[in-house]
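In: need a structure here:
(one chain, ligands or ions: 1)
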Amino acid sequence: MSLIYVIMGVSGSGKTTVGKVLANQLGFPFLDADDFHPQANIDKMQAGKALNDKDRKPWLESLNQELKKHKDTGVVLACSALKASYRESLEEGIKVHWTHLAGDFELIQARMQLRSHFMPASLLQSQFDTLEPLESGLTLDIDSDVEFLVHMIRAKYETKGPAHWGIVGMGVMGQSLARNSVNAGIRTAVFNRATEGEELVIAKMLTKYPDPKLYGYTDWKEFTAKLSLPRKILLMVPAGKAIDAVLEELLPFLSPGDCIVDGGNSHFSDTQRRIQELIERDIEYLGMGVSGGEKGALEGPAMMPGGSKVAFNALQPILDKIAAKDPKGNPCVGYLGQGGCGHLVKTVHNGIEYAEMQLLAEVYSLLLASDIPRSEFGSIFNDWDQGEYSSYLLGLMPSIMNKKEGDAYLIDKILPMAGAKGTGAWTSITALENGQDMSISTAAVNARNHSQAIWHKFPQIQENHRKPSRGVKLELERILKGYQAARILNHLQGLQFIHTMGTISNWDLDLSEVTRIWTNGCILKSQLIELLTEKIAADFDHLNLWSYNCYIALFQDFKYTLNLGWQNDIHMPVFNAAWQYGLGVSSAESNANIIQAQRDFFGAHTYKRKDHHPSENFHTDWTKP
Ligand code: NAP
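Out: You can find the predicted model right below:
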């Protein structure tokens, strides 16, 4: 696909004006052919003598050389190029998009006179006489405004090529990703089903965001025909049945080697199943978590792909362009491993996110119980959002705290019933199914469930049992440290879980890529994630050691924060879960031996002994003294 545009025409046709606007829109340099004449030609023209074909030869050669320099990055050249032979010289060894700005003699002469550009009628006439029309390319009537002419040029040449990729599902995320992709210069075909009442989704989108690089379809055949091979198709439809329904409709139009990416929040086991099913049909399938919501999708999301490496390699140039950038400027996307690992990583990302959000909610409860005026809450969070503590979520809190409706704070008017789309629960369920401890994020899932299912059922208890605590003195610096201890344990628990799932599932999962991707474009973006990325890069044991050392250093402040909750009857389930997890990992004495004794007592489940090899099992008759 050529990136070289030449706008040709006689003097006064407007080729410089149109060329400059086109170059500006495409972000390409603009060249004026007149600037490339050798000195001998300049001298001849200044002496009022007409150039012959021999004079033009070195000029055309140097223009050709110049165009070649820009063939991979793009350029717009304004050049009279009146004869077919001149155009052949210009195009030698390269492909040019030709546009002829054509107009009749009287119009051009009148224009030149308007611009006080004097050219004898005979000279203009001789250009018209020399002019050989384009045999292929685009000829435009100059009797239109410049914007229209540029639009026509772009429509002709940019839409001519196949789309680099396609996106299915023009909902919140699909539309934003498509716009991001087009803004990054990627030709993007978009598809949305045309159910009754929804026929206009694509038409509305094309009207709202017109761009020659964006093509819309409601017909699978047309959509898939527009895509370059191997086809690369991103699905942005709801997880579950919708993905399977779309695959069923789409597959008949695909060819072996085509690549599909599921960018929704699919369950990783569904992704594993689809990978297997599609291998049979020679289709490469990638499961990719996309984070950052609507804004991230538009401005640069973090993306977590896993599955077919072939599909990832085919898509990487596109994904790199639309992704957020990490602190070193690298794209927040990278191949994580095989199978459904991309979707598992996104699921656990959300599980960690649930706990991070709930921790902030619990800090808010402490502030509410304190003697600190409400008007200062925003600035407290603002002060906290610095250096090693700063995070995307913490950065939201000042605005949330300060937002008012009239004289009242908006948060006081929001019903405290937290919604969820299910990925937090999936994290907990997957951990339980695989014998892992994700108690911190599970506490956050339960907190949301409690707020929805339980809280509103007990108004009398809430009214009669106790009044909320108020006026408590807080040492804010210590609470900040306690909050950081809980966050470190929350992240550590989630990363350990991902690591274990990678091992159990043989995904060959790259954990340092996981946290690197999370450094930008997602809700977990924070200084802590950047630090963890450095630690994991050393090795996973190093991360464990560092995290536990931090926890031990923050232990007393963590305890102080928990104590505030206990002493003032404040519901802090995630702080408590993190505290218990910390105690669990740092306690040399575990009480699980009592569980084993009970199991062996009533069920003869046997137990292992400290003083014997772990392969040996023992059973005791516990009724005998
Ligand atoms: P959305 O706004 O509800 O859009 C869903 C799109 O899928 C619509 O275009 C819809 O078409 C289409 N669709 C639904 N069922 C379909 C079916 N059976 N066949 C064909 N097309 C169907 O959803 P979204 O927020 O963009 O989310 C898309 C995916 O990204 C989900 O998996 C979601 O969990 C994930 N995600 C969302 C966010 C977020 O912040 N929104 C963030 C990260 C990930 P119609 O217009 O015809 O209904």
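
In: list the buried ones in the helix or strand where residue 584 lies?
Out: In this structure, residue 584 sits in helix 573-586 according to DSSP states H and E. The neighbour-count check on helix 573-586 (16 or more other Cβ atoms under 10 Å) flags 573, 574, 575, 576, 577, 578, 579, 581, 582, 585 as buried. Yep, even glycine has a C-beta here, placed from its N, CA and C like the rest.

In: looking at these, which is nearest residue 144?
Out: Closest to residue 144 out of the buried residues of helix 573-586 is residue 574 (63.2 Å), distances taken as Cβ to Cβ.

In: can you tell me how far the residue nearest to that closest one when sequence neighbours are not counted sits from residue 195?
Out: Counting by Cβ to Cβ, 6 or more residues apart in numbering, residue 574 lies nearest to residue 358, which is 4.3 Å off, once chain neighbours are set aside. Between residue 358 and residue 195 the computed distance is 38 Å (Cβ to Cβ, to the nearest Å).

In: what about these two, which has more around it?
Out: residue 358 (27 against 9; other Cβ atoms under 10 Å).

In: model confidence over the helix or strand that contains that one, on average?
Out: When elements are defined using DSSP H and E, residue 358 is found to belong to helix 341-368. Regarding helix 341-368, the rounded mean pLDDT is 98.

In: one step back: list of residues touching the helix holding residue 584?
Out: 355, 358-359, 362, 437, 439-440, 442-444, 446-447, 450, 482, 485-486, 489-490, 493, 548, 551-552, 555, 558-559, 561-562, 565, 590 (Cβ atoms under 8 Å, 6 or more residues apart in numbering).

In: from these, which would you call buried?
Out: 355, 358-359, 362, 439-440, 442-444, 446-447, 482, 485-486, 489-490, 493, 548, 551, 555, 558, 561-562, 565.

In: could you tell me which of those belong to helices?
Out: Secondary structure from DSSP state H places 355, 358-359, 362, 439-440, 442-444, 446-447, 482, 485-486, 489-490, 493, 548, 551, 555, 558, 561-562, 565 of the buried ones among the contacts of helix 573-586 in helices.

In: the helices in the stretch 51-200 of the chain, which residues?
Out: 53-69, 84-90, 105-114, 121-130, 146-158, 172-183, 200-208 (DSSP state H, counting those that start in this stretch).

In: what about stretch 168-177, distance to the chain center?
Out: Put simply, stretch 168-177 sits 12 Å off its chain's centre (Cα atoms, centre = their mean, to the nearest Å).

In: mean confidence for stretch 193-208?
Out: Stretch 193-208 comes out at a mean pLDDT of 77.

In: so how far does it reach from one end to the other?
Out: One end of stretch 193-208 to the other measures 18 Å (Cα to Cα, to the nearest Å).

In: please list the residues of the stretch 151-300 of the chain that sit near the ligand.
Out: 169-174, 192-193, 195, 198, 201, 236-239, 242, 245-246, 264-265, 290, 293-294 (Cβ under 6 Å from any ligand atom).

In: quick one, which of these are buried?
Out: Here, 16+ other Cβ under 10 Å leaves 169-170, 173-174, 192-193, 201, 236-237, 239, 246, 264-265, 290 buried among these.

In: nearest to residue 369 among those residues?
Out: Nearest to residue 369 among these, with distances taken as Cβ to Cβ, is residue 265, at 35.5 Å.

In: could you pull up phi and psi at the closest residue to the ligand within the stretch 351-500 of the chain?
Out: Residue of the stretch 351-500 of the chain nearest the ligand, by Cβ to the nearest ligand atom: residue 421 (6.2 Å). Backbone torsions of residue 421, given as degrees, to the nearest 10, read phi -100, psi 0.

In: how much space between it and residue 268?
Out: Here the criterion is Cβ to Cβ. By it, residue 421 lies 16 Å from residue 268.

In: give me the more crowded residue out of those two.
Out: residue 268 (26 against 11).

In: for the more buried one, phi and psi?
Out: phi -60, psi -30.

In: buried ones in stretch 38-55?
Out: So stretch 38-55, judged by 16+ other Cβ under 10 Å, has buried residues 41, 44, 55.

In: how is this structure divided into domains?
Out: The chain is divided into the following domains under automatic domain parsing: 4-147, 162-339, 366-586.

In: winner for burial among those domains?
Out: Of the domains of the chain, the one with the most neighbours on average (mean count of other Cβ atoms under 10 Å) is domain 162-339, at a mean of 20.

In: thinking again about what came up before, now the residue of the stretch 351-500 of the chain closest to the ligand: how far from residue 518?
Out: Distance, residue 421 to residue 518, using Cβ to Cβ: 19 Å.

In: all strands for the chain, in order.
Out: In the chain, the strands defined using DSSP state E lie at 4-8, 30-32, 75-78, 96-102, 138-141, 165-168, 188-191, 214-217, 232-235, 259-262, 284-291, 302-307, 404-405, 408-409.

In: tell me the mean pLDDT for the fifth one?
Out: Right, the one you point to is strand 138-141. The model assigns strand 138-141 a mean pLDDT of 91.

In: by contact count, what packs against that strand?
Out: strand 96-102, helix 146-158 (3 or more Cβ pairs under 8 Å, 6 or more residues apart in numbering; DSSP states H and E).
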